[in-house]
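Chemist: just coords:
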């Protein structure tokens, strides 16, 4: 009876995790985002008061908020680029290391200008890690479960925003703004170490596209690397075909009625390098070799 009850419990748990798309890597990454977000939210909402206590004026506090939003926007692109080049796990650890430096600057900075330097590092986790989190979901879940995976991750990310500021407010009310924020930062540093341990358990190590060899398999053994390469070859082939078609049309120089060509084809005729622009826009592929210029009979550069 005990064995049957254990099997039923395991089956029910498996169904729940399957429904919620709680795959192992997704769960680990979401847990890392959750616990570190909890630590940050202990003091993050009180940074304006903290800056004021350090001597910052009202315009400086407003500038700090603007800088936070600006970094949140521009850090997204390098975050995705790094996640694709280093792999998901190493990218997470890199972003976490930068944020750890930022927490130390917040904690040890004697005046408000240090907060701006700390902000540049702290935002590495909040902003740069977002593309890596989405990539983990895309790598780990099949297409029919990714929407649920994104939903669960978004919910877990927002739970600390609701709970942690209340706890942080109680600490700050009892210890004062500076001591309370410092205590919250110390807790966050400890949580960051635990977060690093969770991240090290993620077993996704994505190679950059140019490093993938034909026939190679990813860590799940699904042969997706070959499919990506095949899709890239087809994309470049379509770009080359379009470029050759443009070349053939321009070689006619005149329309079927003997009239002069319109202005745009004549621009292609006068400036051969313009012919590569459509292909580059859709394919970014190499140009076909030995395309003759209709003006001078030489290969166009």
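Modeler: Thanks, I have it. Just so we're clear, the structure is a prediction, and the values are computed from it rather than from any experiment.

Chemist: Touching stretch 80-99 from outside, list them.
Modeler: Defining contact as C-beta atoms under 8 Å, 6 or more residues apart in numbering, one finds that stretch 80-99 is touched by 25, 29, 32, 36, 79, 121-122, 124-126, 128-129, 131-132, 135-136, 139, 192, 195-196, 199-200, 202-209. All C-beta spots, glycine's among them, are computed from the backbone N, C-alpha and C.

Chemist: ok, now with 7 Å
Modeler: By C-beta atoms under 7 Å, 6 or more residues apart in numbering, the surrounding residues in contact with stretch 80-99 are 32, 121-122, 124-125, 128-129, 131-132, 135-136, 139, 192, 195-196, 199-200, 202, 204-206, 208.

Chemist: just the buried members of these?
Modeler: With burial judged by 16 or more other C-beta atoms under 10 Å, the buried subset of these is 32, 121-122, 124-125, 128-129, 131-132, 135-136, 139, 192, 195-196, 199, 202, 204, 206.

Chemist: quick one: which of those sit in strands?
Modeler: When the buried ones among the contacts of stretch 80-99 are checked against strands using DSSP state E, none is located there.

Chemist: any weak-confidence spans in the stretch 151-300 of the chain?
Modeler: Residue ranges of the stretch 151-300 of the chain with pLDDT under 70: 204-300.

Chemist: what packs against the helix or strand residue 30 falls within?
Modeler: For residue 30, the element it lies in under DSSP states H and E is helix 24-41. Under the contact criterion of 3 or more C-beta pairs under 7 Å, 6 or more residues apart in numbering; DSSP states H and E, helix 24-41 touches helix 129-140, helix 143-175, helix 177-199.

Chemist: now those as a markdown table including distance to residue 109?
Modeler: Supplementary listing: those in a markdown table, determined by distance: least, C-beta to C-beta, whole Å:
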| stretch | distance to residue 109 |
| --- | --- |
| helix 129-140 | 23 |
| helix 143-175 | 18 |
| helix 177-199 | 10 |
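
Chemist: Relative to residue 117, which of these is closest?
Modeler: helix 177-199 (14.6 Å; C-beta to C-beta).

Chemist: quick one, that closest one and helix 129-140 angle?
Modeler: Taking axes from the mean of the first three to the mean of the last three C-alpha atoms, to 10 degrees, helix 177-199 and helix 129-140 form an angle of 20 degrees between their directions.

Chemist: outside of helix 177-199, which residues touch it?
Modeler: Contacts made with helix 177-199 from outside it, assessed by C-beta under 7 Å, 6+ apart, are listed as 28, 31-32, 35-36, 39-40, 42-43, 46, 49-50, 53, 89, 92-93, 96, 99-100, 103, 106-107, 168, 171-172, 175.

Chemist: again, only this time at 6 Å
Modeler: Counting contacts by C-beta atoms under 6 Å, 6 or more residues apart in numbering, the residues outside helix 177-199 that touch it are 28, 31-32, 35-36, 39-40, 42-43, 49-50, 53, 92-93, 96, 100, 103, 106-107, 168, 171-172.

Chemist: Which of those are buried, as a ChimeraX select command?
Modeler: Buried members of these, defined by 16+ other C-beta under 10 Å, are picked up in ChimeraX with:
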select :28,31,32,35,36,39,40,42,43,50,92,93,96,100,103,106,107,168,171,172
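
Chemist: What residues sit buried inside stretch 183-201?
Modeler: The neighbour-count criterion (16+ other C-beta under 10 Å) identifies 183-185, 187-189, 191-192, 195-196, 198-199 as the buried residues of stretch 183-201.

Chemist: One more: stretch 101-114?
Modeler: 102-103, 105-107, 112.

Chemist: Can you tell me how far residue 193 is from residue 97?
Modeler: Summarising the geometry, the distance separating residue 193 from residue 97, computed by C-beta to C-beta, to the nearest Å, is 11 Å.

Chemist: same question, residue 199
Modeler: In terms of C-beta to C-beta, residue 199 sits 11 Å off from residue 97.

Chemist: cool, and residue 159?
Modeler: Per C-beta to C-beta, residue 159 is found 25 Å from residue 97.

Chemist: Can you get me a residue count around residue 88?
Modeler: Burial of residue 88 is recorded as 25 neighbouring residues (other C-beta atoms under 10 Å).

Chemist: Could you list the domains of the chain?
Modeler: Under the assignment automatic domain parsing, the domains of the chain span 12-205, 226-282.

Chemist: so which of those is the most packed in?
Modeler: Ranked by mean neighbour count, these are led by domain 12-205 with a mean of 18 (mean count of other C-beta atoms under 10 Å).

Chemist: I appreciate the help and will end here.
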